[in-house]
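Asker: only geometry, no sequence info:
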């Protein structure tokens, strides 16, 4: 199997395991990441904190589901953006 | 390590955007010269990998979050300038789509995680692995050391950026307007947590993948050296 395909499989596994990044802090009762003074900013992210809008009070399984969807969506968008950027930048070199 | 909106004052945010603009410009120029068409999928993999590894994050008291970045690994595979571009793509999407890291702090976050981290990590790796052959064990160790120093350097930068805020921005009565913690607290928290916990995650991820690639795809490792 090509190494690039193995990398993609690895990334997909990490995306599916990503709710650990949600569950572990909750288990250790680590507080929220943003402090009281950090509430500014005019931009409203479409999927704040890797969840769907208005899902702040949902249960851990639902938040974990949203986290996985966010991971997969993020991977897709970021890979596509980097790929397109790379294609544009490496154009001259593709001799 | 993502700095949200409202933690850094406008001057700090502006300075880091101003610092990153020439870095991004140079990165594009260098990548344009060096990135081969067949490396483009690796650039996409590097950006996606960095994004997904950053989702394993744990809040740091009074600061931001702690996590591995995977940036030193990307730098070892593609060179530090391409790593800068890959991590920038991940950080910008994180800020815009997921609100992870502030829009105003994109400059500072990119400086820490897309510039300091891959460059420090990469050159430490080069230094420690100097004179070794492709499959040598010292290269794996060098990758681990580079990963550790790179992420700790980035965390220290974030600590300095936080710690300067009470000095730069306060009311007449001394009340802090942005991050309220001074240099000593901010640096020791950010650096300490990354030296103790997240630095080691970065070490393990980087060293394991380098070790694996030495066996499976040594051609991917040979390029950056």
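Answerer: Good, I have the coordinates. Not measured: the values here are computed from a predicted model.

Asker: At which residues are the helices of chain B located?
Answerer: B:10-34, B:40-54, B:71-78, B:80-98, B:106-110, B:117-128, B:137-168, B:183-193, B:199-216, B:218-222 (DSSP state H).

Asker: Of these, flag the one that's most buried.
Answerer: Highest mean neighbour count among those (mean count of other CB atoms under 10 Å in any protein chain shown): helix B:71-78, with a mean of 31. In this view, the C-beta of every residue, glycine as well, is placed from N, C-alpha and C.

Asker: what comes into contact with that helix?
Answerer: B:35, B:39, B:42-43, B:46-47, B:49-50, B:82-83, B:86-87, B:113-114, B:117-119, B:121-122, B:125, B:143, B:146-147, B:150-151, B:202, B:205-206, B:209-210, B:213, B:220-221, B:223-224 (CB atoms under 8 Å, 6 or more residues apart in numbering or on different chains).

Asker: Could you do stretch B:197-213 as well?
Answerer: Residues contacting stretch B:197-213 (CB under 8 Å, 6+ apart): A:3, B:53, B:56, B:58, B:66-70, B:72-73, B:76-77, B:139-141, B:143-148, B:150-152, B:155, B:220-221.

Asker: Give me the average confidence score over whichever strand or helix holds residue A:71.
Answerer: For residue A:71, the element it lies in under DSSP states H and E is helix A:60-90. Throughout helix A:60-90, pLDDT has a mean value of 95.

Asker: Okay, angle between it and helix B:40-54 too, please.
Answerer: When axes from the mean of the first three to the mean of the last three CA atoms, to 10 degrees is applied, the directions of helix A:60-90 and helix B:40-54 differ by 150 degrees.

Asker: Report the buried residues of helix A:60-90.
Answerer: Across helix A:60-90, burial judged by 16 or more other CB atoms under 10 Å in any protein chain shown covers A:63-68, A:70-75, A:77-79, A:81-83, A:85-86, A:89-90.

Asker: Check whether stretch B:175-185 comes near chain A.
Answerer: Yes. Using CB under 8 Å from any CB of the partner chain, stretch B:175-185 reaches chain A at B:176-180.

Asker: and these, which are buried?
Answerer: Buried among the residues of stretch B:175-185 next to chain A (16+ other CB under 10 Å): B:176, B:178-180.

Asker: what would those residues look like in JSON lines with distance to residue B:165 and pLDDT?
Answerer: As requested, these are exported to JSON lines (distance: CB to CB, whole Å; pLDDT from 0 to 100):
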{"residue": "B:176", "distance to residue B:165": "7", "pLDDT": "83"}
{"residue": "B:178", "distance to residue B:165": "4", "pLDDT": "86"}
{"residue": "B:179", "distance to residue B:165": "4", "pLDDT": "84"}
{"residue": "B:180", "distance to residue B:165": "8", "pLDDT": "83"}
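
Asker: List the pairing partners of the worst-scoring helix or strand of chain B on mean pLDDT within its sheet, with orientation.
Answerer: None of the helices or strands of chain B scores lower by mean pLDDT, DSSP states H and E than strand B:58-59, at a mean of 80. Using DSSP bridges, strand B:58-59 pairs in its sheet with strand B:65-66 (antiparallel).

Asker: Would you mind giving the helices of chain B as JSON lines with mean pLDDT added?
Answerer: Listed next are the helices of chain B as JSON lines, based on pLDDT from 0 to 100:
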{"stretch": "helix B:10-34", "mean pLDDT": "96"}
{"stretch": "helix B:40-54", "mean pLDDT": "96"}
{"stretch": "helix B:71-78", "mean pLDDT": "96"}
{"stretch": "helix B:80-98", "mean pLDDT": "97"}
{"stretch": "helix B:106-110", "mean pLDDT": "97"}
{"stretch": "helix B:117-128", "mean pLDDT": "97"}
{"stretch": "helix B:137-168", "mean pLDDT": "95"}
{"stretch": "helix B:183-193", "mean pLDDT": "92"}
{"stretch": "helix B:199-216", "mean pLDDT": "95"}
{"stretch": "helix B:218-222", "mean pLDDT": "83"}
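
Asker: if we compare those, which one ends up closest to residue A:54?
Answerer: helix B:80-98 (15.1 Å; CB to CB).

Asker: tell me the contacts of residue B:115?
Answerer: By CB under 8 Å, 6+ apart, the neighbours of residue B:115 are B:20, B:23, B:84.

Asker: For the second one, which non-adjacent residue is spatially closest?
Answerer: The spatially closest residue to residue B:23, leaving aside those adjacent along the chain, is residue B:115, at 5.6 Å (CB to CB, 6 or more residues apart in numbering or on different chains).
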